[in-house]
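Peer 1: heads up, no residue letters with this:
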């Protein structure tokens, strides 16, 4: 699935902070969406299971994309 919103990195970060409410979830979405960080590395650094990080990411990404 390719999402092309024609937003700069700064604009996308602003939207993440606007529509993803939890600071932890903002961090996950930002690091995965903008930095292309692997789920395994994210999970290890945050101290959560890969499954939980993926669940958060996909839920919050869809919430974010509904507003774009």
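Peer 2: Nice, thanks for sending it over. On a predicted model such as this, the values are computed, not experimentally measured, just so you know.
Peer 1: Spatially central residue for this protein, please.
Peer 2: The residue lying closest to the centre of the chain (Cα atoms, centre = their mean) is residue 29, at 1.2 Å.
Peer 1: and the biggest helix by length in the chain, what does it pack onto?
Peer 2: For the chain, the helix with the greatest residue count under DSSP state H is helix 50-66. If you count contacts as 3 or more Cβ pairs under 8 Å, 6 or more residues apart in numbering; DSSP states H and E, helix 50-66 packs onto helix 9-19, helix 23-29, helix 39-46. Where C-beta positions appear, they are placed from N, C-alpha and C, glycine not excepted.
Peer 1: ok and the first one relative to helix 50-66, angle-wise?
Peer 2: Going by axes from the mean of the first three to the mean of the last three Cα atoms, to 10 degrees, helix 9-19 is angled at 100 degrees with respect to helix 50-66.
Peer 1: quick one: low-confidence parts of the chain?
Peer 2: Along the chain, the model assigns pLDDT under 70 to residues 1-4.
Peer 1: at 50 what do you get?
Peer 2: Filtered on pLDDT under 50, the chain yields the residue ranges 1-2.
Peer 1: hang on, the earlier thing: pull the contacting residues for the residue nearest to the centre of the chain.
Peer 2: Contacts for residue 29 (Cβ atoms under 8 Å, 6 or more residues apart in numbering) come out as 16, 20, 57, 60-61, 64.
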